Each structure stands twice: as structure tokens, then as C-alpha cells.
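Visitor: Okay, sequence plus prediction incoming.
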Amino acid sequence: MNPQGAMTFLIDVAINLFIFLLLTRFILQLVRADFYNPLSQFVVKATNPVLTPLRRMLPANSTVDSASLVMVIIMIILKTVLVVALNGQGVPPLPALVIFALRSLASLMINYLFFAVLIRVILSWVAPDPYNPFTAIMTQITEPVMAPVRRILPPMGGLDLSPLVVLLGLQFLMILFAI
């Protein structure tokens, strides 16, 4: 029986889910997604209690929600410190934690976009209702990265190859920056 491993798992899952919500809120505001979508409303209501006090210090401008990004970095650092402390290891110095958090943030953003594009591809195969809240959000999240590729590479024979190019580009970035 390993209670430390179980506690580490619970902390990791809980903090990762909250980081996912914060990152989703950042991306939804960045792409100017429909605020009245039920999924957008859920993300806003779930993250408001933590972000409202932080917004007093870091006000958001029209597209970039800096409070969400700062909170993601804080949560990554908190998770790292908690996991390291639970495993009985020494806590790294703050500069190392910040660098690790920034690298983790970059990795999370690329993975987020990768899986969002992948989900959108799968949704296109099953052809759900375009007015479905989930389909609408996935389209709004992925369209800013797929539209420029679609302008350069038009559909060939009815096939849209832009998701393939975007997925390859995101994998290239992961390999290039080793994140």
C-alpha cells in the first residue's frame, strides 16, 4: 500500500483539471468564443472564484486574459512543489520552478491545440449538429490555426488537409523545442 502515491495521484488529477479549465478560459477569450455557449458559461463560473481576485491586480485586455495565464503558472508551480514535498524531495529554487512552469505552459498549449484539432477531425467524421455547443466551441478554438493553412492549401477533391498540416506543425514544434 502506497498512500503517498495515491495522494500524489489525487493532487495531480485535481490540479491538472483546474489547469485545463484555466487554459480553456484563456483560449476561449483569445479566440473570442461565444460567451453564451453553455460550455463557456461553465468554464467561466468554475474559474471565476479564483480569477476575480487576481483580476484586480492583472486586468484583462480585450483578447488576452493575463490572469488566467498567471494562474496556470501558479498552479503548475504549486503542483510541482506539492508533489515534490509529498515524495520527500527538496523543493527546487523559485527561478527553476518558474522556468519549468513556462516550459510546461508551452507544452500544455501545444498539446491542447493538438487534441482540439484531433477532436474536431473526429467530429467531422460523425457529422454532428453544427449548433451543438461542444461542436461550436471546438470549431471556434481550432479555426484560428486551421484557417491560415486552409488559405494556403485549398481542399483537394473535397478533402480538407488543413488539420493534417496543423497536427504535423504542432508535432514539429514539440520536437523542435523538446517540450
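Guide: Thanks, I have it. For clarity, every value in this text was computed on a predicted model and none was experimentally measured. Numbering: from 1, shown residues only.
Visitor: where do the helices sit along this protein?
Guide: 3-30, 38-57, 66-86, 94-126, 133-152, 162-176 (DSSP state H).
Visitor: Tell me the gap between the first one and the middle of its chain.
Guide: The offset between the C-alpha centroid of helix 3-30 and the centroid of the whole chain comes to 10 Å, using C-alpha atoms, centre = their mean, to the nearest Å.
Visitor: related to what we said a few turns ago, winner for burial among the helices of the chain?
Guide: helix 66-86 (a mean of 18; mean count of other C-beta atoms under 10 Å). Quick note: C-beta positions are derived from backbone N, CA and C, even for glycine.
Visitor: quick revisit: so can I have a markdown table of the helices of the chain showing mean pLDDT?
Guide: A markdown table is the format used below for those (pLDDT from 0 to 100):
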| stretch | mean pLDDT |
| --- | --- |
| helix 3-30 | 91 |
| helix 38-57 | 92 |
| helix 66-86 | 92 |
| helix 94-126 | 93 |
| helix 133-152 | 92 |
| helix 162-176 | 93 |
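Visitor: Show the pLDDT at L153.
Guide: L153 carries a pLDDT score of 85 in this model.
Visitor: So what's the residue count around the residue lying closest to it once chain neighbours are set aside?
Guide: Of all residues beyond its chain neighbours, the one nearest L153 is L161 (5.7 Å), with distances taken as C-beta to C-beta, 6 or more residues apart in numbering. Using other C-beta atoms under 10 Å, L161 has 14 other residues around it.
Visitor: Just to check, L161 is in contact with I152?
Guide: No. In this structure L161 lies outside contact range of I152 using C-beta atoms under 8 Å: 10.4 Å.
Visitor: anything in contact with each of the two?
Guide: With contacts defined as C-beta atoms under 8 Å, 6 or more residues apart in numbering, no residue is shared by L161 and I152.
Visitor: Contacts only, for the residue nearest to I137 when sequence neighbours are not counted.
Guide: Distance criterion C-beta to C-beta, 6+ apart; nearest residue to I137, sequence neighbours excluded, is L39 at 5.1 Å. Residues counted as contacts of L39 (C-beta under 8 Å, 6+ apart) are 133-134, 137.
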